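>>> 3D model of this:
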Amino acid sequence: MKFFLFFIGLVLLYLVYTKMTKVDEIPYTEAQYLAEYGPTNTKKLKIQNDLVILLSRPGCGYCTQAKRLLRSKGIKFIEYNVRTSKEGRALFEKYQGTGVPLIIKGPLVIRGYNEQKISKL
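From the prediction side, this is the model:
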């Protein structure tokens with residue numbers, strides 16, 4: 001009986017986890033940004049204070065929410081995948097990232113999904 005209850009608990013935890021981590025949007029990549037906003041020198045853009053940089057990874061539900069919020073506010077941003085992008089990994093290490101999303105705008109760094117802080121960008 002204990003094993004059966006334990007098994008049901010594990011199944012419920014798995015179902016909750018998969019529901020929370022479900023991604024309903026394709027990640028917004030550097031290539032998509034360049035296609036939408038035109039070719040730009042991303043090296044120059046990194047030092048501008050008005051540029052928003054989003055560091056994310058595939059399968060991150062909070063990253064998807066952050067992208068959705070930035071788009072709804074009309075904020076242009078560049079997204080870097082911290083797993084596949086050299087620039088993304090370098091920025092993640094530079095700002096001592098411990099998790100994603102990591103949002104950078106000039107000297108301001110927002111760690112994690114914080115709707116209030118993101119809305120103030």
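
>>> neighbours of residue 104, just the number please.
Using other C-beta atoms under 10 Å, residue 104 has 22 other residues around it. The way it works is simple: take the backbone N, C-alpha and C, and place the C-beta from them, glycine included.

>>> same question for residue 89.
Neighbourhood size, residue 89 [other C-beta under 10 Å]: 16.

>>> how about the secondary structure of it?
helix (DSSP: H, G, I helix; E, B strand; the rest coil).

>>> who's in contact with it?
Residues in contact with residue 89 (C-beta atoms under 8 Å, 6 or more residues apart in numbering) are 82-83.

>>> ok, now how distant is it from residue 103?
16 Å (C-beta to C-beta, to the nearest Å).

>>> give me phi/psi at residue 71?
Here is the backbone geometry of residue 71 (degrees, to the nearest 10): phi -70, psi -40.

>>> by mean pLDDT, which helix or strand of the protein comes out lowest?
Across the helices and strands of the chain, the lowest-confidence element by mean pLDDT, DSSP states H and E is helix 42-45, at a mean of 48.

>>> that's a helix at residue 10, yeah?
Yes: Residue 10 forms part of a helix when assessed by three-state DSSP.

>>> number of residues surrounding it?
Counted with other C-beta under 10 Å, residue 10 comes out at 10.
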